[in-house]
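Chemist: show me how the following folds:
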Amino acid sequence: MGHEPPIRPRPQYVIGPDGSPLTITDLPAPGMKKRWVIRRKAEVVAAVCGGLLSLEEACSRYMLTVDELLSWQILDRPARPRWVACDADPAISDVMVA
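Modeler: Now for the predicted structure:
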């Protein structure tokens, strides 16, 4: 058996791009047909970076490619350097800031 990283419990909320708590219910609805404005993109990126959604869950939920979602990463707290933009699981962090 290999050594797998411990599974972290899913948080109840993460800090959104505007500094306020962001829960699953605050995120855009799955299959949303509205235009992807910067605020909605930043919320999804914050949710992935904070562990509220996995990268795979976000892509499936919003019918996005991984590349499309990764292109949104700069929207997550743009004042912070890119290399600290994602504090989630190291596997996601490595992808999100690549």
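Chemist: from now on I want contacts and neighbour counts done on CA atoms only, so please keep to that.
Modeler: Fine.
Chemist: any idea how far residue 68 is from residue 61?
Modeler: Counting by CA to CA, to the nearest Å, the gap from residue 68 to residue 61 is 13 Å.
Chemist: more neighbours: which of the two?
Modeler: More neighbours surround residue 61 than the other of residue 68 and residue 61, with 15 against 11 (other CA atoms under 10 Å).
Chemist: which helix or strand contains that one?
Modeler: Under the criterion of DSSP states H and E, residue 61 resides in helix 55-62.
Chemist: which elements pack onto that helix?
Modeler: helix 38-50, helix 66-71 (3 or more CA pairs under 8 Å, 6 or more residues apart in numbering; DSSP states H and E).
Chemist: list the buried ones in the shortest one?
Modeler: The reference is to helix 66-71. Neighbour-count burial for helix 66-71, counted by 16 or more other CA atoms under 10 Å, picks out 69, 70.
Chemist: then the longest one?
Modeler: Within helix 38-50, the residues that qualify as buried by neighbour count (16+ other CA under 10 Å) are 40, 41, 42, 43, 44, 45, 46, 47, 48, 49, 50.
Chemist: farthest pair in the residues you listed?
Modeler: 40 and 50 (15.3 Å; CA to CA).
Chemist: contact partners for residue 20?
Modeler: If you count contacts by CA atoms under 8 Å, 6 or more residues apart in numbering, residue 20 has none.
Chemist: how confident was the prediction at residue 17?
Modeler: On pLDDT, residue 17 comes in at 88.
Chemist: residue 40 is in contact with that one, correct?
Modeler: No. Using CA atoms under 8 Å, residue 17 makes no contact with residue 40, being 9.6 Å away.
Chemist: low-confidence stretches in this protein?
Modeler: 1-6, 75-98 (pLDDT under 70).
Chemist: what do you get if the cut-off is 90, keeping everything else the same?
Modeler: 1-10, 17-18, 31-35, 70, 72-98 (pLDDT under 90).
Chemist: for residue 58, grab the count of nearby residues.
Modeler: Counted by other CA under 10 Å, the residues lying close to residue 58 total 20.
Chemist: that one is in contact with residue 44, isn't it?
Modeler: Yes. Under the criterion of CA under 8 Å, residue 58 makes contact with residue 44 at 7.3 Å.
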